[in-house]
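Asker: here's my sequence, what's the structure:
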Amino acid sequence: MATEIPTPATTSSLAPTPPDERALRRARLWRALRVVVLLGLIHAVLSYTLSLMLFHPSREVGRDVERAGGERVSYVTSDGVRLVSWLIPSRGPRRRTVVYFHGNAGLASGCWGWGVWLANRGSDVLLAEYRGYGESEGSPTAAGIERDAEAAIRYLLEERRVSPRELVVHGQSLGGAAAVVALAGPARDAAGGVLESTFTSLHDMGRAVVGLPLTYLVPDAYHLNSASRASALRAPILQLHGDRDETVPFAQAERLRDLVRPRRFVRVPGGTHNLVDPWVDEEVTRFVEEVAP
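Answerer: Presented below is the predicted three-dimensional model:
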């Protein structure tokens, strides 16, 4: 009697069910979406942190600048933002024009004392304002500050017909970076520039503050990079920095000095971020009068 041998199961009956291609696509899409959302959150947090670190705008404009003879002037940036700045005219015959870019926590109107000091020595002084500060439109950003600096120079050169050889650009801290933008751009033929307590780049400041260059993830932090613009400066430069600056490390001043190669570099012994010594004012004034007599 013949024995019946069972036939093995066919291959098709043992194979796993093919995965649902639509389910796989959905899973990949959700993973990609989570990554995008995470990167967006990181970017938002870093951008907000950078803004907090850089900008401390005030809208409270004091009246002292008007009592000091300051004239309210306005001009429009290349991206259509109207800025309101202050012009203090020379006390006597004008010999030069100085544009002053203030630091991140100040106001142009609050710098009237420096404006009067220079006006008494024969300078018209434009206390240049930034977007989001004082009576100016907009909100401050690093890219915006660059446009603001360029607009201030164009206002002086084109509307007030100031000769570049009679123009001196002075900036303190954040304003120093704005001054470098101006001196590398529309004020490249200026008589001179003064860089006071300023940094090399926002990336370097990010590393100094938090220990990591996290600013490389923030597009706005690629602006106000004085180190990258140093080779474009043609005007004679006076650079001043306190060796006890608690905000911008003195090492950054030394690096910027090596890149800019200023006509004069002043290390202020014991000087902090805000250099308020009278002899510093005299040093700046002598330089201004030397390059634009």
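Asker: contacts only, for the residue nearest to residue 94 when sequence neighbours are not counted.
Answerer: Of all residues not flanking residue 94 in the chain, residue 124 sits nearest, at 5.2 Å (Cβ to Cβ, 6 or more residues apart in numbering). Where you see a C-beta, it was placed from the backbone N, CA and C, and this is true even at glycine. Residue 124 sits next to 87, 88, 89, 90, 94, 96, 97, 98, 162 when contact means Cβ atoms under 8 Å, 6 or more residues apart in numbering.
Asker: how far away is the fifth one from residue 166?
Answerer: Meaning residue 94. The gap separating residue 94 from residue 166 is 8 Å, by Cβ to Cβ, to the nearest Å.
Asker: more neighbours: those two, which one.
Answerer: The residue with more neighbours, out of residue 94 and residue 166, is residue 166; 19 against 14, by other Cβ atoms under 10 Å.
Asker: thought residue 194 was touching residue 264, still the case?
Answerer: No - counting by Cβ atoms under 8 Å, residue 264 does not reach residue 194; the two are 9.7 Å apart.
Asker: who touches both of these two?
Answerer: Both residue 264 and residue 194 are in contact with 237, 238, 239, 287, where contact means Cβ under 8 Å, 6+ apart.
Asker: run a quick neighbour tally on the residue lying closest to residue 116 once chain neighbours are set aside.
Answerer: Residue nearest to residue 116 in three dimensions, not counting chain neighbours: residue 68, with 5.1 Å by Cβ to Cβ, 6+ apart. For residue 68, the count of nearby residues is 15 (other Cβ under 10 Å).
Asker: test my guess that residue 68 contacts residue 88.
Answerer: Yes - here residue 68 lies in contact with residue 88, judged by Cβ under 8 Å, at a distance of 6.5 Å.
Asker: now do the shared contacts for these two.
Answerer: 112, 115, 116.
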